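Give me a model of this one.
(2 chains)
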Amino acid sequence: KQEVTQIPAALSVPEGENLVLNCSFTDSAIYNLQWFRQDPGKGLTSLLLIQSSQREQTSGRLNASLDKSSGRSTLYIAASQPGDSATYLCAVSGAGSYQLTFGKGTKLSVIP
Amino acid sequence: DGGITQSPKYLFRKEGQNVTLSCEQNLNHDAMYWYRQDPGQGLRLIYYSQIVNDFQKGDIAEGYSVSREKKESFPLTVTSAQKNPTAFYLCASSIGSNLYGYTFGSGTRLTVV
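Sure thing, here's the model as predicted:
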């Protein structure tokens, strides 16, 4: 059964720092990997989607990488801002399956 | 704008009562999903539907029921058999192959009173 782990569980950084969030998964036979953002009491907002054949995706200050063979993905946030404060969730979709398996998330606080 | 609408935003249930959470999408997605989110835990799949009039149990289906009579709608009923229903419920959708990932609604917070 696929398991997804996100480290660290919480992270606090000063504004302007570059930071990396980590995601690991146990079964490398994935279809794609998706990073989401969740604000308190809100739904999930999709940030980046990486197909299994891709190595990275970029959107603005965000860059996500995927190393399928080692079961790892990283989300890089450049020049962090207080508005980036949220919980970031990583989820993988298995080959032949529509279902997503989620990590428990990393709660990010960016201090002004 | 295309998206997923969940209603109500907040819902209160008395002991022994069934309640239904609404989920509507106008994205023309084939597949729809219900997830439950509890503090300190990842999202857990309750039910999913790949096409109209068909649905499958997820990891925690006991005490829940669904229907998929229309492509746009996937309501979730929390029955009295669900002993710990207080949670945040999230509905999502994707195209049939999940090629473009999931889109989520804004969630319904259910509280037992």
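
Can you name the residues of chain A that neighbour chain B?
Within chain A, the positions lying close to chain B (CB under 8 Å from any CB of the partner chain) are A:4, A:31-32, A:34, A:36, A:41-46, A:49, A:51, A:89, A:91, A:93, A:98-105. Heads up, the C-betas are built off the backbone N, CA and C, glycines and all.

Generate a ChimeraX selection restricted to the buried subset of the residues you listed.
Those of the residues of chain A next to chain B that meet the burial criterion (16 or more other CB atoms under 10 Å in any protein chain shown) are gathered into one ChimeraX selection, given here:
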select /A:4,31,32,34,36,43,44,46,49,89,91,93,98,99,100,101,102,103,104,105
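
Check residue 71 and give its pLDDT.
In the absence of a named chain, chain A is used. What the model reports for residue A:71 is a pLDDT of 96.

oops, chain B please
Residue B:71 is assigned 96 on the pLDDT scale.

what about it, neighbour count?
Residue B:71: 16 surrounding residues under other CB atoms under 10 Å in any protein chain shown.

so where do the strands sit in chain A?
A:4-7, A:10-14, A:19-25, A:30-38, A:44-51, A:56-59, A:62-67, A:72-77, A:86-94, A:100-102, A:106-111 (DSSP state E).

Would you mark the buried spots in stretch B:5-23?
Residues of stretch B:5-23 classed as buried by neighbour count (16+ other CB under 10 Å): B:6, B:11, B:13, B:19, B:21, B:22, B:23.

The fourth one and residue B:11: what is the separation?
This points to residue B:19. According to CB to CB, to the nearest Å, residue B:19 and residue B:11 sit 6 Å apart.

Give me the common contacts of those two.
Between them, residue B:19 and residue B:11 have residue B:110 as joint contacts when contacts are counted by CB atoms under 8 Å, 6 or more residues apart in numbering or on different chains.

Looking at the buried residues of stretch B:5-23, which gets the smallest pLDDT?
Ranked by pLDDT, the buried residues of stretch B:5-23 bottom out at residue B:13, which scores 89.

That residue contacts residue B:111, correct?
Yes - contact criterion CB atoms under 8 Å: residue B:13 and residue B:111 qualify, at 7.2 Å.

coming back round to it: now the strands of chain A in a markdown table, with distance to residue B:28?
Formatted as a markdown table, the strands of chain A follow (distance: least, CB to CB, whole Å):
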| stretch | distance to residue B:28 |
| --- | --- |
| strand A:4-7 | 29 |
| strand A:10-14 | 38 |
| strand A:19-25 | 30 |
| strand A:30-38 | 20 |
| strand A:44-51 | 17 |
| strand A:56-59 | 24 |
| strand A:62-67 | 27 |
| strand A:72-77 | 29 |
| strand A:86-94 | 20 |
| strand A:100-102 | 20 |
| strand A:106-111 | 33 |
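
wait, which of those strands is closest to residue B:84?
Put simply, out of those the one that sits nearest residue B:84 is strand A:100-102, at 19.4 Å, with distance taken as CB to CB.

ok, residues contacting that closest one?
With CB under 8 Å, 6+ apart as the contact definition, strand A:100-102 has outside contacts at A:2-4, A:25, A:34, A:89-94, B:33, B:42-43, B:45, B:92, B:102.

same thing with stretch A:42-55?
Where contact means CB under 8 Å, 6+ apart, the residues beyond stretch A:42-55 that reach it are A:30-39, A:56-59, A:62, A:64-68, A:73, A:75, A:88-89, A:95, B:6, B:90, B:92, B:99-107.

Buried subset of those residues, written for ChimeraX?
In ChimeraX, this line selects whichever of these come out buried by 16+ other CB under 10 Å:
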select /A:30,31,32,33,34,35,36,37,38,57,62,64,65,66,68,73,75,88,89 /B:6,90,92,101,102,103,104,105,106,107
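
Thank you kindly, that will do.
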